[in-house]
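Q: dropping the sequence and predicted coords here.
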Amino acid sequence: MWVIASMALETWLIKVKKTISNSFDSVRASATQTKPVIKKYNVGVLAFEFAGLMSKLLHLWQSLSDKNIVRLRNESVHLEGVRKIVSNDDAFLLGLACAEMVENLRLIAKSVSRISKKCEDSTLRCFDRLFDEFADLGRDPHNWVLSLKEMEAKNKKMDRYVTATATLHREMDELTVLEGGLRKLLQCKDNEQSIKEQKIIDLQEKLLWQRQEIKYLKERSLWNRSFDTVTSLLVRSIFTTLSRIKLVFGISHGYPPSLPRSLSASATVYPSENPDTCNFVSGPVVIKTSKPQEKEGLTNKLFESNSKMLKPPASTLGSVALALHYANLIIVMEKMIRSPQLVGVDARDDLYSMLPNSIRSSLRGRLKGVGCLASDPILAGEWRDALQKILGWLSPLAHNMIKWQSERSFEQQNLGPKTNVLLFQTLYFANQEKTEAAITELLVGLNYIWRFEREMNAKALLECSNFNGFLNLQNSS
């Protein structure tokens, strides 16, 4: 009787246990259905675009260092070529430098804004709106502006990511080459089957090692990072960089520099209420501005103001799209002036074909009345000195124009710039009339020394021929 009762109790307990277990399972299932798991996506192949943006940010931040700001204020704006054909107004030149840096940052932020839409964090998805508010009103509700120490740490992290991602790109290219080589080898009909098999084994081993290396690099690079992780890093760096630009150029919230402007640069440490914010030993480049007038209830926005400032005036080479053409023309003349004796007639004609009508007209006027002979060595020497002086201030602007343009070409768009060349240091804002006058002067001088060298060579050949004829006459007698 006792045994039967105990067995019945055990059966009852088993049923209770199953009932409880089933109820827990149903609760878990319902909880899983109400709270779906959100998968975090990695950036994958977009890692290379992210690396390009990081590289540009790192370069822009470096251009705002104490050393580079001192060089900008004390050297770059005082380049002889800049003063002669761009402007001798320090405030205007520094305003152009500020506008270009802000515009470069805006373009980076535009790319980040597009990518940020894939983030899970709703604040990151609203980056574009928050960035505009910070630019115009100084609002930073999420404390994205970093201290100088934090920014340095983030920069080191981004630099490691950029390096690892660049290495990953090279190794993936190498993998593609190896895979192509293996396919060709498998399709190849080799008489020596044993040699072919050994080559296949060697290539397969290389492919195995290459894939392992790529797997390792994906872990170290941006490839396996989530959108939120990478975007957060970029967003905070962008906010901090804009904060630094505002500090360096003395931009008040919502009141960007506007013409006319006067410059007042302090040599002391710029006072800051927060000792952790980005500071400069060199002091800020303060651009004093009057309070902007409101138009239809709207304030003058930072990005709109800088975009307008970067539009070249009608009197400049940039406005007529001749800056790059004239840069190439000046560099060609520089080579000819260096070695006029090596310039042939065809090269001279090619140079003339590069000239626009305005320069051809002024050149014809300058060459009128010039004699056919160019045999004065003193005058040739004076022309050489004059040409070197002109090239001394004009050539750097031409070379800067080529560098600036090449860094913004399609092939280089995902790579960071390698120089600190700013637009005002090129021919883009150069006065067209003054630049064409300098080029015309170079052409007149080049024309003289080119003819002088040809006449000296012809004279030397004639003397050599007469001397040989004299020797032959002596030998025959």
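A: Thanks, I have the structure now. Numbering: from 1, shown residues only.
Q: alpha carbons only for contacts and neighbour counts from here, please
A: Will do.
Q: so for stretch 160-180, mean pLDDT?
A: Over the span of stretch 160-180, the pLDDT mean works out to 94.
Q: what's the answer for stretch 211-221, then?
A: Stretch 211-221 comes out with an average pLDDT of 94.
Q: centre of the chain to it, how far?
A: 27 Å (CA atoms, centre = their mean, to the nearest Å).
Q: who does the helix or strand hosting Arg366 touch, helix- and strand-wise?
A: Counting by DSSP states H and E, the element that carries Arg366 is helix 357-367. Applying 3 or more CA pairs under 8 Å, 6 or more residues apart in numbering; DSSP states H and E, one finds that helix 357-367 makes contact with helix 432-476.
Q: give the buried residues for the helix holding Arg366.
A: With burial defined by 16 or more other CA atoms under 10 Å, the residues of helix 357-367 counted as buried are Ile359, Leu363.
Q: restricting to C-alpha, output it in CSV.
A: The C-alpha coordinates for helix 357-367 follow below in CSV (Å, rounded to 0.1, in the frame of the first residue of the first chain):
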residue,chain,number,x,y,z
ASN,A,357,44.9,84.6,-77.4
SER,A,358,45.3,87.2,-74.6
ILE,A,359,49.0,86.3,-74.1
ARG,A,360,49.6,85.9,-77.8
SER,A,361,48.4,89.4,-78.4
SER,A,362,50.5,90.9,-75.7
LEU,A,363,53.5,88.9,-76.8
ARG,A,364,53.3,90.2,-80.4
GLY,A,365,53.2,93.7,-79.0
ARG,A,366,56.3,93.2,-76.9
LEU,A,367,58.3,91.6,-79.7
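Q: helix or strand right after that helix?
A: Moving toward the C-terminus from helix 357-367, the first helix or strand encountered (DSSP H and E) is helix 377-406.
Q: count the neighbours of Thr419 for me.
A: Other residues near Thr419 number 12, with proximity taken as other CA atoms under 10 Å.
Q: enumerate every residue touching it.
A: Taking CA atoms under 8 Å, 6 or more residues apart in numbering as the criterion, Thr419 is in contact with Lys403.
Q: shouldn't it be within a strand?
A: No - inclusion of Thr419 in a strand is not indicated when DSSP: H, G, I helix; E, B strand; the rest coil is applied; the result is coil.
Q: which residues in the stretch 251-400 of the chain form helices?
A: Ranges of helices within the stretch 251-400 of the chain are 302-309, 323-338, 345-353, 357-367, 377-406, based on DSSP state H, counting those that start in this stretch.
Q: and of those, who's closest to Ser232?
A: Ranking the helices of the stretch 251-400 of the chain by proximity to Ser232 (CA to CA) places helix 302-309 first, at 22.3 Å.
Q: same for that closest one, what does it pack against?
A: Counting by 3+ CA pairs under 8 Å, 6+ apart, the packing neighbours recorded for helix 302-309 are helix 90-116, helix 127-137.
Q: who wins for proximity to Tyr161 among those helices?
A: With CA to CA as the criterion, Tyr161 lies closest to helix 90-116 of those, at 16.4 Å.
Q: what packs against the closest one?
A: Contact partners of helix 90-116 among helices and strands, from 3+ CA pairs under 8 Å, 6+ apart: helix 47-63, helix 122-125, helix 127-137, helix 227-249, strand 262-265, strand 285-288, helix 302-309.
Q: so after the third one, what's the next helix or strand?
A: Scanning forward in sequence from helix 127-137 by DSSP H and E, the next helix or strand is helix 148-187.
Q: just the buried positions in that next one, please.
A: When neighbours are counted by 16+ other CA under 10 Å, the buried residues of helix 148-187 are found to be 148, 151, 154-155, 158-159, 161-162, 164-169, 171-172, 175, 178, 182, 185.
Q: quick one: the helix holding Arg366 to chain centroid distance?
A: Using CA atoms, centre = their mean, the distance from the centre of helix 357-367 to the centre of the chain it belongs to is 37 Å.
Q: quick check: mean pLDDT of it?
A: Per-residue confidence for helix 357-367 averages out to 89 on the pLDDT scale.
Q: re earlier: and the helices and strands packed on helix 90-116: which comes nearest Glu433?
A: helix 302-309 (21.1 Å).
Q: got the angle for the closest one vs helix 90-116?
A: With axes from the mean of the first three to the mean of the last three CA atoms, to 10 degrees as the basis, helix 302-309 and helix 90-116 are set at 130 degrees to each other.
Q: can you give me the mean pLDDT across helix 302-309?
A: Taken as a whole, helix 302-309 has an average pLDDT of 87.
Q: for that helix, buried residues please.
A: Leu302, Phe303, Asn306, Met309.
Q: ok, the residues you listed vs Asn88, which is closest?
A: Distances from the buried residues of helix 302-309 to Asn88 were compared by CA to CA; the smallest belongs to Met309, at 16.8 Å.
Q: state the distance from that closest one to Phe429.
A: For Met309, the distance to Phe429 (CA to CA, to the nearest Å) stands at 11 Å.
Q: what's the burial count for Met250?
A: Careful, residue 250 is Gly; it's not Met. Residues near Gly250, counting by other CA under 10 Å, number 22.
Q: for it, what are phi and psi?
A: phi 60, psi 40 (degrees, to the nearest 10).
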